[in-house]
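Asks: 3D model of this:
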Amino acid sequence: MAENIEAWWARRQRSKERDVPYEIGAYRTEWERYPVLVRQYHPDLNRNITLTQIPPAAEVYLTWQCDAGHVFVATPDEQRHRPGGVRRRSSWCPDCLALAAPKRIVNRQLPVDQQAAPDARRVGPRSAVGGVPPPRPTSTPPTSTPPTHTSRTHSPPTRTTLAAHPAGEAFHSGRAPRPASAAEGDLRSRLAERLDIDLRAANAVQVRRPFFAHREVWPDIVLVELKVAIEYDTIGKFGLEHVGTREATDRRKDRLLREAGWEVIRVRCGKLRPLGGFDLVAGGVTAPLIERILERLREIRGDLIVNAYLR
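Replies: Numbers count the residues shown, from 1 in each chain. The predicted structure follows:
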């Protein structure tokens, strides 16, 4: 059960028999992955205890202050999982989130059906008198010849026809999002200069289990011939990308790809740590990074196969 910072710190002092249970910087590496939280934490609001002295999994109520000046209380675990699927910086602040999505005001004097769809009253055609819809035009429906035994109608698509690709097959999907950054495009161009592989031939891979609403995933770069997906991960402008719950989504995506016979290389930039054995930590797209990716490809598929695709 979570407790306030004074009680939690005092209990740790007793259990560890030390005046300072955790030295400053003890958990610096763990908190570096959450730059927004580092910015919102202030030691003067938390008994002058720094964030690097608090384990990320500690059950303790801490005081935070968002960029807009709102002060709120939350545990480290609540803060690390608060963003969810929202990309706004204010997603770490419950007050900013409430202002961004205000509650709907219900007018109890109106019928419920009119409250549910307030714009529907202005959509349909109305006459100039009394707001009554004009009468529908009467016309004789066209005659049609009843279908014979030789004519057949098209049946609706079944689940089998919708899943047109077997698991593990790469293809071009219209659902795939556009490249998220210029660095990702730079990485694709540099790899295209070294590999004789069409990197735009596919942008999706069919998987065996649903990934959210579809049985397909969309890697940043798809190497069809090598069956390797390359992801370029950064924390983004506001420090919300690939951290917290989104890291769990990345891990799930990698598992689905590996179940389908693919391997994943993630280029992890900034303070992001590797998620898999073939991931690379880099500061940006550079020529040495391309060589490191080629070495990873050789580790995964072998020298003979990868060298055969070198330009």
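Asks: helices of the chain, start to end?
Replies: Assigned by DSSP state H, the chain shows helices spanning 5-16, 28-31, 35-40, 76-81, 94-100, 112-116, 159-162, 182-194, 245-259, 287-301, 303-307.
Asks: can you list the ones you listed in TSV and add mean neighbour count, mean pLDDT and distance to Thr50?
Replies: Backbone N, C-alpha and C define where each C-beta goes, glycine included. Below are the helices of the chain laid out as TSV (neighbours: other CB atoms under 10 Å; pLDDT from 0 to 100; distance: least, CB to CB, whole Å):
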stretch	mean neighbour count	mean pLDDT	distance to Thr50
helix 5-16	14	92	12
helix 28-31	16	89	9
helix 35-40	19	84	10
helix 76-81	18	84	13
helix 94-100	15	70	23
helix 112-116	10	53	50
helix 159-162	8	42	53
helix 182-194	15	94	33
helix 245-259	16	92	24
helix 287-301	16	95	34
helix 303-307	13	92	47
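Asks: wait, Arg12 touches Pro21, no?
Replies: Yes: in this structure Arg12 lies within contact range of Pro21 using CB atoms under 8 Å: 3.8 Å.
Asks: Leu199 is in contact with Tyr309, correct?
Replies: No: counting by CB under 8 Å, Tyr309 does not reach Leu199; the two are 11.3 Å apart.
Asks: thinking again about what came up before, okay, the helices of the chain in TSV with distance to Leu275 next?
Replies: What follows is those, written out as TSV (distance: least, CB to CB, whole Å):
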stretch	distance to Leu275
helix 5-16	31
helix 28-31	15
helix 35-40	18
helix 76-81	16
helix 94-100	28
helix 112-116	44
helix 159-162	31
helix 182-194	18
helix 245-259	6
helix 287-301	14
helix 303-307	22
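Asks: what ranges do the strands span in the chain?
Replies: Chain-ordered strands for the chain, with DSSP state E as the definition, fall at 3-4, 60-65, 71-74, 170-171, 204-211, 214-217, 221-223, 228-233, 263-269, 280-282.
Asks: ok, which of these comes nearest Leu289?
Replies: Smallest distance to Leu289 across the strands of the chain (CB to CB): 4.9 Å, for strand 280-282.
Asks: got the buried residues for that closest one?
Replies: The neighbour-count check on strand 280-282 (16 or more other CB atoms under 10 Å) flags 280, 282 as buried.
Asks: that one pairs with which strands?
Replies: With DSSP bridges as the test, strand 280-282 is paired with strand 263-269 (parallel).
Asks: between the strand it pairs with and strand 228-233, how many degrees?
Replies: For strand 263-269 against strand 228-233, the angle by axes from the mean of the first three to the mean of the last three CA atoms, to 10 degrees is 20 degrees.
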